[in-house]
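Undergrad: Okay, predicted coordinates and the sequence, questions at the end:
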Amino acid sequence: MPPPEPRGLLLDIGGVVHNTGVRLVGQLAEREPAMWPVIEEIGGIGSDRDELWQRMLRRQVSEREYWAQRAAEFGAAVGETWDTRAMMRRFYELPEQEWLCAATVELMVDTKAAGLRLGALTNDMTAFHGPGWVEQQEHLKLFDVIVDASLTGVMKPDPRAFRQGAEALGLPAEQIVFLDDMPWNVEAGRRAGLAAVLVPWDDPGPAIDTARNLLGLPPRR
C-alpha cells in the first residue's frame, strides 16, 4: 500500500522559522564592529575553522553550550556581559526581515489554509528568548501547537520529543512532514517515522520546496 498522505507540518524554530544564529551574528556585527575581531579569530561562525562548532557537530558539546560561549565572547567584545538570552535579544532587535524567514512563514500560512495541522518542535525557544517575547510574536500564533523542550525537558534528538510532537498534532508520525536544520535531529525524526527534511542554513529554499511538494501545496510565490 502507498504511504499515507501527510496531514501535518512540524517545524523547528531557530534555523527554520527564524534565520540561524550563524547568519545573525554577521548581521549584528555590522552594527557592532567590535565583534569582528572575535569572528575572525574563530575563523567564521559555523565554518570549518570554527572548532567549537565542529565539536558541536561531533556532539561533543551541545547547541546551548556553543551559543553560551559565543555570547560571552561577543558580549565582552562590546564591553557588556551577555548570556545567550542577552545575545538573542540583540539579534532580535534587528529589523524583522533580517531574522524571520519569509518563505517559511509563507509555508506556514499555506499549510493552515489547506486545512493541515501545524506545529513547532523546538529545543530552546523559551530558554533563548523568554516567555514574554514568545507570547508577543504574531507569526508564532499561526501554530496549532508548540512543543518546547525548554518547558518539557525532552530535547531533540530524543525519540520522546518526536512522539510528543506527533501527539500534540494529533497525527501518526508517518503523516507528518518535519523540518530541522540539525542533521542529527533530521536523522532521529526519520527513525521516528516522520518525513524529515534537512534545512541548510545557507540555502533553505529547496527544503521548503520539498515540504510543499510532500504536503501537496502550490509552489512558493
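TA: Structure received.
Undergrad: Show me where this protein dips below the pLDDT cut-off.
TA: Across the chain, the ranges flagged by pLDDT under 70 are 1-3.
Undergrad: Would you map the strands across it?
TA: Assigned by DSSP state E, the chain shows strands spanning 8-11, 117-122, 145-148, 176-180, 195-198.
Undergrad: Show me what the fourth one is packed against.
TA: Identification of packing neighbours for strand 176-180 by 3 or more CB pairs under 8 Å, 6 or more residues apart in numbering; DSSP states H and E yields strand 8-11, helix 159-169, helix 183-191, strand 195-198, helix 205-215. C-beta coordinates here come from the backbone N, C-alpha and C atoms, glycine included.
Undergrad: Same check on the last one?
TA: Using 3+ CB pairs under 8 Å, 6+ apart as the contact definition, the elements that strand 195-198 packs against are strand 176-180, helix 183-191, helix 205-215.
Undergrad: Please identify the deepest-packed of the helices and strands packed on strand 176-180.
TA: Most buried of the helices and strands packed on strand 176-180, by mean neighbour count (mean count of other CB atoms under 10 Å): strand 8-11, with a mean of 27.
Undergrad: Tell me which strands that strand pairs with, and in which orientation.
TA: strand 117-122 (parallel), strand 176-180 (parallel) (DSSP bridges).
Undergrad: out of the ones you listed, nearest to residue 137?
TA: Residue 137 sits nearest to strand 117-122 of all the strands paired with strand 8-11, at 11.2 Å, using CB to CB.
Undergrad: got the angle for that closest one vs helix 183-191?
TA: Interaxial angle, strand 117-122 versus helix 183-191 (axes from the mean of the first three to the mean of the last three CA atoms, to 10 degrees): 140 degrees.
Undergrad: what angle do strand 117-122 and helix 159-169 make?
TA: 150 degrees.
Undergrad: Dump the C-alpha coordinates for strand 117-122 into PDB.
TA: Extracted in PDB, the C-alpha atoms of strand 117-122 (Å, rounded to 0.1, in the frame of the first residue of the first chain):
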ATOM      1  CA  ARG A 117      -2.100  20.700  11.200                       C
ATOM      2  CA  LEU A 118       0.800  23.000  12.000                       C
ATOM      3  CA  GLY A 119       3.200  22.600  15.000                       C
ATOM      4  CA  ALA A 120       6.600  23.600  16.300                       C
ATOM      5  CA  LEU A 121       9.100  21.300  17.800                       C
ATOM      6  CA  THR A 122      11.900  23.300  19.400                       C
END
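Undergrad: Pull the residues that contact that strand.
TA: 7-14, 17, 108, 111-112, 140, 142-150, 156, 161-162, 164-165, 168-171, 178, 180 (CB atoms under 8 Å, 6 or more residues apart in numbering).
Undergrad: again, only using 6 Å
TA: Defining contact as CB atoms under 6 Å, 6 or more residues apart in numbering, one finds that strand 117-122 is touched by 8-11, 13, 108, 111-112, 143-148, 165, 168-169.
Undergrad: now do stretch 95-103
TA: Stretch 95-103 is contacted from outside by 18-19, 24, 27, 92, 208, using CB under 6 Å, 6+ apart.
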